[in-house]
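Asks: Sharing a model prediction with you, sequence too.
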Amino acid sequence: MRSLALWWMRWRWARRIRTELRLPEAPSLQEVIDAVAAGRGRPIRLLVEPLELRVSGYCAQSDTTDYIFVDAHAGPLLQYQVVCHELVHLHRGHRPADHDTIDDEVAEALFSTVSPDVVRLVLGRDAYDEEAELEAEIIGTVLLQCLDLSRQPNPALSASFELGSTGV
């Protein structure tokens, strides 16, 4: 009985997010990125690169563009999970928590060639409140389960997968 209830909840969440973003039954990741970008009225750039921190990804916003950074060393499934999680943050308009500012060490690790003050200006904060994180994790996981990963894979993620990543 419990598995039926969980299936039903997942189905409702999947239908809800697909409806909100006007997505087909089994969208590609690129279709989801495009839908979130259209809803926000600004492009989303996906960047796969080695991250020096103990994070597998994060998003940042400038005045004109949203960025999703994904760790190139993460396995393929984790990379897709990270992108879906960050897309939910962007789609829901989550704002980072006020109490977790980016310190100089974090700023230097993220962008070693840019001054920490500039990094803080662009990224603002590095954490969301617990409710926003929970929402992004749950809906991001459901979104990942909806994706048709065989259709038109995202070029940035596909390139990192082809480099021989073996997983988490």
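Replies: Nice, thanks for sending it over. Numbering: from 1, shown residues only.

Asks: residue ranges with poor pLDDT in the chain?
Replies: Across the chain, the stretches falling below the confidence threshold (pLDDT under 70) are 53, 96-129, 152-168.

Asks: What is the longest helix of it by residue count?
Replies: Within the chain, and with DSSP state H defining each element, the longest helix by residue count is helix 2-21.

Asks: Identify all contacting residues around it.
Replies: Taking contacts as CB atoms under 8 Å, 6 or more residues apart in numbering, the residues outside helix 2-21 that touch it are 23-25, 27, 32, 35-36, 39, 91, 138-139, 142-143, 145-146. (Each C-beta comes from the backbone N, C-alpha and C, glycine too.)

Asks: Can you select the buried ones from the residues you listed in ChimeraX?
Replies: Typed into ChimeraX, the line below selects the buried ones among those, using 16 or more other CB atoms under 10 Å:
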select :23,27,32,35,36,91,139,142,143,146
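
Asks: could you check the angle helix 2-21 makes with the next helix or strand after the longest helix of the chain?
Replies: Sequence order places helix 29-40 as the next helix or strand after helix 2-21, per DSSP states H and E. Following axes from the mean of the first three to the mean of the last three CA atoms, to 10 degrees, one obtains 60 degrees for the angle between helix 29-40 and helix 2-21.

Asks: Could you list every helix and strand that the next helix or strand after helix 29-40 packs against?
Replies: Using DSSP H and E, the helix or strand that directly follows helix 29-40 along the chain is strand 44-49. With contacts defined as 3 or more CB pairs under 8 Å, 6 or more residues apart in numbering; DSSP states H and E, strand 44-49 has these neighbours: helix 29-40, strand 66-71, helix 76-92, helix 155-162.

Asks: I figured Ile44 hits Leu90, correct?
Replies: Yes - the pair formed by Ile44 and Leu90 meets the contact definition of CB atoms under 8 Å, at 7.0 Å.

Asks: so Glu131 is in which element?
Replies: Per DSSP H and E, Glu131 falls inside helix 130-146.

Asks: which residues sit against that helix?
Replies: In this structure, residues lying in contact with helix 130-146 by CB under 8 Å, 6+ apart are 10, 13-14, 17-18, 23, 25-27, 32, 80-81, 84-89, 92, 94-95, 127-128.

Asks: Excluding chain neighbours, what is closest to Ala35?
Replies: The shortest distance from Ala35 to any non-neighbouring residue, by CB to CB, 6 or more residues apart in numbering, is to Leu21 (4.0 Å).
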